[in-house]
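*Asks:* Sequence first, predicted coordinates after that:
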Amino acid sequence: MTTDEDGQPTRCLVMGATGHLGSRLVPELLRHGHQVAVLVRDSAQAAQFATRVMVHAGDATDPHAVREALAGNDIVYFLVHSLDRPDFAGVDAEAAAVLAGAAADAAVRQIVYVGGPRPGSPGVSAHLASRAEVGDVLAAGRVPALVLQASMIIGAGSASFELLRSSARLTPWVPVPSWMRNTSRPVAVADVVHFLVAAADLPEPVGGVFDVPGPERLSYLELVQRCARVLRLPVRLPVPAPFWSHKLAAQVAGLVTPVRAAVAEPLFASLEHDLAADGPLATDVLPAPPGGMTSVDNAIRAATEPEAEKDGGEVFTEERTVLTEASPEDVWRTVNTLGGKDGWHTIPLVWTVRGAIDHLLGGIGLYRGRAPEVGEGDVVDFWTVVHRDDEARQLVLRADMKMPGRTLLDMRVDREGDRTRYRQKITFTADGLLGQLYWVAQKPLHDVVFAAMARGIVRKASAA
């Protein structure tokens, strides 16, 4: 926790405290021992904040209200976004200009702002142009402005994420105009909040524009498919739709999602650009989140709050061991690259057939995809990573296919004398009698497939 020259906690003002980011930032600043004040439009909103929060009521474009709220604060977070208004660009730019002038007069030492990426292509959308303009206005002021640029922020309540979730959940098909194939680096809301809190601990004010990219570069279509599989939904059928405009997409979204068409349209228009992060990174001036950036799968999972797994039922296990001359490192590397393009090193097409059957039954089907590096909570084709321990060389996956029970695949690599031992254990927890019958019925083929997989993993590692 940073303190001022008198040894007092950092005094923070949050503008936009009731929004998607601000509502998460306020309690985190309190948890880290900072003093927090907020500026809200309506005094009735004071009830949603902890009693320790100083609440100021007033509009962000009102110089008097802003000066009053700034008094005595060291750092101000500008998280104001008026996308729900048709004149949002002018309103936000005006509010930024008011803050830039008042902050210098109030002896604030640091401004922090979260905006969007700046595409290199011409014809930038009104939404992204407005985000860039606000950053420029703040940066031109006398108080150092730390401008953080993030593309889609994945978190419940974010308009852009609610549009994504609805696209994945509402229908088994998705219209695909050309703009849905442009890419971005979506980032978890928890990671953005981490950087915002870390800014309160900066020993010296920092000015400049820094990108906050997520760990993967994905198209919007890939994001829809990723969201669907994390939600355990069948793959969404892409349907070419060259005439599917931003306006039409927004009108449909306004009818079937919680996001109003007026808000959805500028967000969809921003998809006309590749939103690459090619500038200085936030980690150049702020510490990275503990454990690194959150994976896209885990960010979606946290935002969708899935129901807890069911437990109970009769448990069936089967374990097999294969010894090899290959090194433990090579076998472990093979285990960690299972799925996606590398496949599963077992009988050809067997998982394709199983996935097709699952799809017909309304399950997630067979997904040939995974992130380059996976950790707990990430999806690997038709499995989810439950546990990964590089030191112990253990990877545990949970099957996401439709079945009357729960299947875990536990893979471990260790030494046995001067050789390497690969151990593979299947645990199936049956749901009642149907689950028990399922285990018995599929076991003959199951034994062949997983035995071939164990031998295939070792053979692949030996050829490395």
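*Replies:* Structure's in. What do you need?
*Asks:* contacts and neighbour counts: CA atoms only from here.
*Replies:* Fine.
*Asks:* can I get the CA coordinates of stretch 401-409 in PDB?
*Replies:* C-alpha atoms of stretch 401-409 as PDB (Å, rounded to 0.1, in the frame of the first residue of the first chain):
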ATOM      1  CA  MET A 401     -19.300 -34.700 -23.300                       C
ATOM      2  CA  LYS A 402     -22.900 -35.600 -22.500                       C
ATOM      3  CA  MET A 403     -22.900 -38.800 -20.300                       C
ATOM      4  CA  PRO A 404     -24.700 -40.100 -17.200                       C
ATOM      5  CA  GLY A 405     -21.800 -39.400 -14.900                       C
ATOM      6  CA  ARG A 406     -18.500 -37.500 -14.500                       C
ATOM      7  CA  THR A 407     -15.200 -38.700 -16.100                       C
ATOM      8  CA  LEU A 408     -11.700 -37.600 -15.000                       C
ATOM      9  CA  LEU A 409      -8.500 -38.400 -16.900                       C
END
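*Asks:* neighbouring contacts of that stretch?
*Replies:* Residues outside stretch 401-409 that contact it (C-alpha atoms under 8 Å, 6 or more residues apart in numbering): 355, 358, 361-365, 382-383, 396-399, 424-432, 434-435, 438.
*Asks:* Among those residues, which lie within helices?
*Replies:* 355, 358, 432, 434-435, 438 (DSSP state H).
*Asks:* I'd say residue 60 and residue 95 touch.
*Replies:* Yes: applying C-alpha atoms under 8 Å, one finds residue 60 in contact with residue 95, separated by 5.3 Å.
*Asks:* on that earlier part again, now neighbour count, distance to residue 143 and pLDDT too, for the ones in helices among the contacts of stretch 401-409, in TSV please.
*Replies:* As requested, the ones in helices among the contacts of stretch 401-409 are exported to TSV (neighbours: other C-alpha atoms under 10 Å; distance: C-alpha to C-alpha, whole Å; pLDDT from 0 to 100):
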residue	neighbour count	distance to residue 143	pLDDT
355	21	57	83
358	19	58	82
432	13	65	76
434	12	67	87
435	20	65	84
438	15	67	89
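*Asks:* And those, which two are furthest apart?
*Replies:* 355 and 432 (23.5 Å; C-alpha to C-alpha).
*Asks:* what are the ranges of the helices in the chain?
*Replies:* Under DSSP H, the chain gives helices at 22-31, 63-70, 88-105, 126-139, 159-169, 189-199, 220-230, 246-256, 261-269, 296-304, 328-335, 350-360, 432-462.
*Asks:* May I see the ones you listed organised as a markdown table, with distance to residue 179 added?
*Replies:* Shown next, in a markdown table, are those (distance: least, C-alpha to C-alpha, whole Å):
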| stretch | distance to residue 179 |
| --- | --- |
| helix 22-31 | 30 |
| helix 63-70 | 39 |
| helix 88-105 | 23 |
| helix 126-139 | 15 |
| helix 159-169 | 14 |
| helix 189-199 | 24 |
| helix 220-230 | 8 |
| helix 246-256 | 9 |
| helix 261-269 | 9 |
| helix 296-304 | 21 |
| helix 328-335 | 36 |
| helix 350-360 | 28 |
| helix 432-462 | 39 |
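*Asks:* Nearest to residue 183, out of those helices?
*Replies:* Closest to residue 183 of the helices of the chain is helix 220-230 (C-alpha to C-alpha; 6.5 Å).
*Asks:* residues of that closest one that come out buried?
*Replies:* 220-221, 223-230 (16 or more other C-alpha atoms under 10 Å).
*Asks:* can you redo the residues you listed as CSV with distance to residue 14?
*Replies:* Output for these, formatted as CSV (distance: C-alpha to C-alpha, whole Å):
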residue, distance to residue 14
220, 31
221, 34
223, 31
224, 32
225, 35
226, 33
227, 31
228, 34
229, 36
230, 33
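*Asks:* and which of the residues you listed is nearest to residue 417?
*Replies:* Scanning those for proximity to residue 417, where the rule is C-alpha to C-alpha, the winner is residue 230, at 40.6 Å.
*Asks:* Just the pLDDT at that closest one, thanks.
*Replies:* At residue 230, the predicted lDDT confidence score is 87.
*Asks:* One more: the one 3 residues further on?
*Replies:* Confidence per residue is given as pLDDT, and for residue 233 that number is 82.
*Asks:* Return the residues in contact with it.
*Replies:* 169, 362-364.
*Asks:* Equivalent analysis for residue 383, please.
*Replies:* 397-401.
*Asks:* got the contact list for residue 132?
*Replies:* Neighbouring residues of residue 132 by C-alpha under 8 Å, 6+ apart: 115-118.
*Asks:* ok, and the most crowded of these?
*Replies:* Counting neighbours by other C-alpha atoms under 10 Å, residue 117 leads those with 29 neighbours.
*Asks:* gap between that one and residue 280?
*Replies:* To residue 280, residue 117 is 12 Å away according to C-alpha to C-alpha, to the nearest Å.
*Asks:* shared neighbours, those two?
*Replies:* Common neighbours of residue 117 and residue 280 (C-alpha under 8 Å, 6+ apart) are residue 211.
*Asks:* Around the closest residue to residue 39 other than its chain neighbours, count how many other residues there are.
*Replies:* Nearest residue to residue 39, sequence neighbours excluded (C-alpha to C-alpha, 6 or more residues apart in numbering): residue 56, at 4.8 Å. For residue 56, the count of nearby residues is 21 (other C-alpha under 10 Å).
*Asks:* Do you know the pLDDT at residue 56?
*Replies:* pLDDT, read off for residue 56, is 92.
*Asks:* For residue 40, see how far away it is.
*Replies:* 6 Å.
*Asks:* Counting neighbours, which of the contacts of residue 233 comes out on top?
*Replies:* Result: residue 364 is most packed of those (other C-alpha under 10 Å), 25 neighbours.
*Asks:* List phi and psi for the residue lying closest to it once chain neighbours are set aside.
*Replies:* Among residues not flanking residue 364 along the chain, residue 234 sits closest, at 4.0 Å (C-alpha to C-alpha, 6+ apart). When quoted as degrees, to the nearest 10, the phi and psi of residue 234 stand at phi -60, psi 160.
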